Structures are given as structure tokens and as C-alpha cells.
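need the 3D shape of this:
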Amino acid sequence: MSKKPATPTPAQSTPRIVPGNNKALHPRNKHGGRYDFAQLIASSPELAAFVKTNAYGDDSIDFADADAVRAINRALLKHFYKVDGWNLPAQYLCPPIPGRADYLHHLADLLAIGNGGGIPYGNAIRILDIGVGANGIYPLIGHSEYGWSFVGTDIDPNALACAQATLDANISYRNAVELRHQPSRAAIFKNVLHADELFELSLSNPPFHASIDEAMAGTERKWKNLGKAAPESTTPKLNFSGQHSELCCTGGEEGFICRMIAESALYARNCLWFTTLVSKATTLPAIYRALKAAGVHGYRTIEMTQGQKKSRIVAWTFLNERQQQAWRSERWGAAAPP
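Got it, this is the predicted structure:
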């Protein structure tokens, strides 16, 4: 099923970064303005069937319609990232691309810290995507934007098969992304991170909810935020779809992230920065306690905003400054500062 990334090329760096504005999308995010539906339809004609004029006289889609969301994602991936053949079965999570891109741009800034402000490019920069999903969004955007190579893991073999189909339709991505099956629901890094492997970053968009009932309650809130009533059915339709494993896990977001932090200590020298998205601000105190218990050298909290939605990234490292500098010098070559 999986393909190994091509032989790494030396990392390259960009000029010094400019700090982002936490009140909006990241300044490098290609989705900061209004959607140009004419351009998107030119790239993906099927989108036209979902574009309507809203109450303000603007072209838009119904973001409560999962088919419309899949169609605009397909158009965005085609237009901005040159991805062909992105097809996502209805039962899988269909994520908002602007927010996923924001995570990656902030991670690029994280790598630039201590590197003279230069973001390292190239497939020598290796990223571990925990829970890559059927959509494969992070490897697709991350490789397109920065040339990074990815290893994506998931507990669902069908999701991996779907993601692999997209890679197989796009040779430049196929050679930069490897997919691995995680056989245990109780493990995060174990079984998929090899003892001799090194990654610049791990990333994760953890399940938010502890139960399907909690997920349904969240969906009701999303429908209200979209200005719509929930569908009249005994099982309300989850906004943006999603398999149970994508939406729920034991302990919800807090439980998953705290387990991730504890397990990351076993791989302290395998990864420069471990990171995760955190949807709920109320989760942060437990995360900070878990980081202290794990004995991390340092951590950062990076705030993000997408419209009315606020989230954050928590990143942690077990390496001290000298070890981080040695990592950059040995692995990034010219990208490391003098």
C-alpha cells in the first residue's frame, strides 16, 4: 500500500520570516481572501452545481452540505496545490482546507526559530502525520508548499487505501509520502515510528470528543453557527462527516493528547518538535501538566484564528538548545545558521 519517499535532497531555507497575525489566517495562507469561484470552477467544473448567490449577493456554497464541502475542497486542492483525483467517501472527515494549511504554515515558522528565521524547504525535512485520514490533507499541502516528505499513519486501513489512491494519481506526491497502518488503538507512536528514524515534526489533529453523543452535541452547535436547523432525523448528520475514530476516542481531546505526550517521551530523540492541534482552550491546563510530567525541555502555544473559530497548536521538545542546534546543523546543512 505504502510508497517510500524519494532520497532526501538538502534542505534549503527562505529569508527571515515575519511573525503572523493571530487575528487572521497566517500571512502565507493562500486562502486569506474571498474565494474566486470563477477560478475554482475553471479548475474543477463540478463545483458549479453547488455555487449559489447568497443573501448578500455574493457567490457561495452551502457549507452545511457535505457534498458541497467536498466539491470545494477538490477545487481548492486542484487549483492551489495541483492535486488530481482527490475523492473522499462520504463517511470520512472532510476538513476545511484553510485551517489545515494554517497549521502547516505555523509549523514552518516553528522550524525557522533558531534557524536565522529561515524556513527549511526540501524532502530532507520529514514530518510524521498522526491520523493522516482518508483525506491526506496535511501531506498534500505540506509537500506542495514546502517540499517536505511525510509519513502518515492511521488505524483505519480503508482510510489509508483512500489516501493512497490520491497519491497514486499524483506522482510528485506519491514519491514524497509513505503511509503506515497503526494496528493498535492504544498506541500513537509505537508500531509506526521506527527506532532509527528522525522527524523534524510530528503533527496531529486529534479526535475532539469522548463519545458519539458529545460529537452530536458539537454538530448541533455547528449547524446553529451556520444559521441552520439540524436535519430532522433520529441520527443528525455530522457536519463535515467523519468516521467514529476521527471524531471520538477514550477521554476525548484531552485524553488523546495527554497519552500522546506521555508516549512521546519514549521517542524523545526521534523528533525535533512534537505538535498537536488543540480545539478546546479548557484542555490546556491538563496538557501543561502532562508536559511537566513528561519532562519536556520546552513547549510553545501558538494561537490560530479562522473566522469565528479559535484554536491553537501546542508544540513541545525534549531537546535542549545545543541539541536542537546540532540537529539543524547535521540534518539541514546550509539551512542551519552559521
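
can you name the next helix or strand after the helix or strand of the chain with the lowest mean pLDDT?
Lowest mean confidence among the helices and strands of the chain (mean pLDDT, DSSP states H and E): helix 244-247, at a mean of 47. As assigned by DSSP states H and E, the chain's next helix or strand after helix 244-247 is helix 252-264.

now that next one: mean pLDDT?
The average of the pLDDT scores along helix 252-264 is 95.

ok, stretch 105-116 next?
Taken as a whole, stretch 105-116 has a mean pLDDT of 96.

what's the spacing between that stretch and its chain's center?
Centre-to-centre, stretch 105-116 and its host chain are 16 Å apart (Cα atoms, centre = their mean, to the nearest Å).

quick one, strands of the stretch 51-200 of the chain?
Per DSSP state E, counting those that start in this stretch, the stretch 51-200 of the chain carries strands over the ranges 52-53, 59-60, 120-121, 126-130, 149-154, 177-181, 199-204.

just put those strands in CSV and tack on mean pLDDT.
Converted to CSV, the strands of the stretch 51-200 of the chain look like this (pLDDT from 0 to 100):
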stretch, mean pLDDT
strand 52-53, 94
strand 59-60, 94
strand 120-121, 96
strand 126-130, 98
strand 149-154, 98
strand 177-181, 98
strand 199-204, 98
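
turn these into JSON lines, including distance to Ser311 and mean neighbour count.
Where C-beta positions appear, they are placed from N, C-alpha and C, glycine not excepted. Listed next are these as JSON lines, based on distance: least, Cβ to Cβ, whole Å; neighbours: other Cβ atoms under 10 Å:
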{"stretch": "strand 52-53", "distance to Ser311": "29", "mean neighbour count": "10"}
{"stretch": "strand 59-60", "distance to Ser311": "23", "mean neighbour count": "16"}
{"stretch": "strand 120-121", "distance to Ser311": "25", "mean neighbour count": "24"}
{"stretch": "strand 126-130", "distance to Ser311": "17", "mean neighbour count": "24"}
{"stretch": "strand 149-154", "distance to Ser311": "21", "mean neighbour count": "25"}
{"stretch": "strand 177-181", "distance to Ser311": "25", "mean neighbour count": "21"}
{"stretch": "strand 199-204", "distance to Ser311": "13", "mean neighbour count": "24"}
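
can I get those in TSV including distance to Asp36?
Listed next are the strands of the stretch 51-200 of the chain as TSV, based on distance: least, Cβ to Cβ, whole Å:
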stretch	distance to Asp36
strand 52-53	15
strand 59-60	9
strand 120-121	27
strand 126-130	29
strand 149-154	28
strand 177-181	28
strand 199-204	29
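
so which of those strands gets nearest Leu40?
Distance to Leu40, taken as Cβ to Cβ, is lowest for strand 59-60 among those, at 9.7 Å.

ramachandran coordinates for Gly136?
According to degrees, to the nearest 10, the main-chain angles of Gly136 amount to phi 60, psi 30.

give the bridge partners for Arg180, please.
Taking DSSP bridges, one obtains Thr153 as the residues bridged to Arg180.

so how far is Leu107 from it?
Arg180 sits 20 Å away from Leu107 when distances are taken as Cβ to Cβ, to the nearest Å.

quick one: contacts of stretch 141-151?
Identification of contacts with stretch 141-151 by Cβ atoms under 8 Å, 6 or more residues apart in numbering yields 5-6, 8, 28, 80-83, 97, 100-101, 104-105, 108, 119-129, 132, 138-139, 172-173, 176-180, 192, 199-200.

and what of stretch 165-172?
Residues contacting stretch 165-172 (Cβ under 8 Å, 6+ apart): 3, 82-87, 136, 140, 143, 173-174, 177, 179.

now stretch 253-270
130, 187-190, 193, 195, 197-199, 202, 204, 206-210, 249-251, 271, 274, 276, 278-280, 283, 286-287, 290-291, 293-296, 314, 316, 318-319.

if you set the cut-off to 7 Å instead, what comes out?
With contact meaning Cβ atoms under 7 Å, 6 or more residues apart in numbering, stretch 253-270 is reached by 188-190, 193, 197-199, 204, 206-208, 249, 274, 276, 278-280, 283, 286-287, 290-291, 294-295, 316, 318.

which among the residues you listed count as buried?
Neighbour-count burial (16 or more other Cβ atoms under 10 Å) applied to those gives 188-189, 193, 199, 204, 206-208, 249, 274, 276, 278-279, 283, 286-287, 290-291, 294, 316, 318.

cross those against helices and list the overlap.
Taking DSSP state H as the definition of helices, the buried ones among the contacts of stretch 253-270 contribute 286-287, 290-291, 294.

flag the shaky bits of the chain, pLDDT-wise.
Within the chain, the stretches with pLDDT under 70 are 1-23, 208-251, 334-338.

mind listing the helices for it?
Remark: helices assigned in the chain by DSSP H are 37-43, 66-81, 97-112, 137-146, 157-168, 171-174, 212-225, 244-247, 252-264, 284-294, 321-332.

for Ala49, which of those helices is the nearest?
helix 66-81 (7.6 Å).

first-to-last residue distance for stretch 308-323?
Terminal residues of stretch 308-323 are spaced 39 Å apart (Cα to Cα, to the nearest Å).
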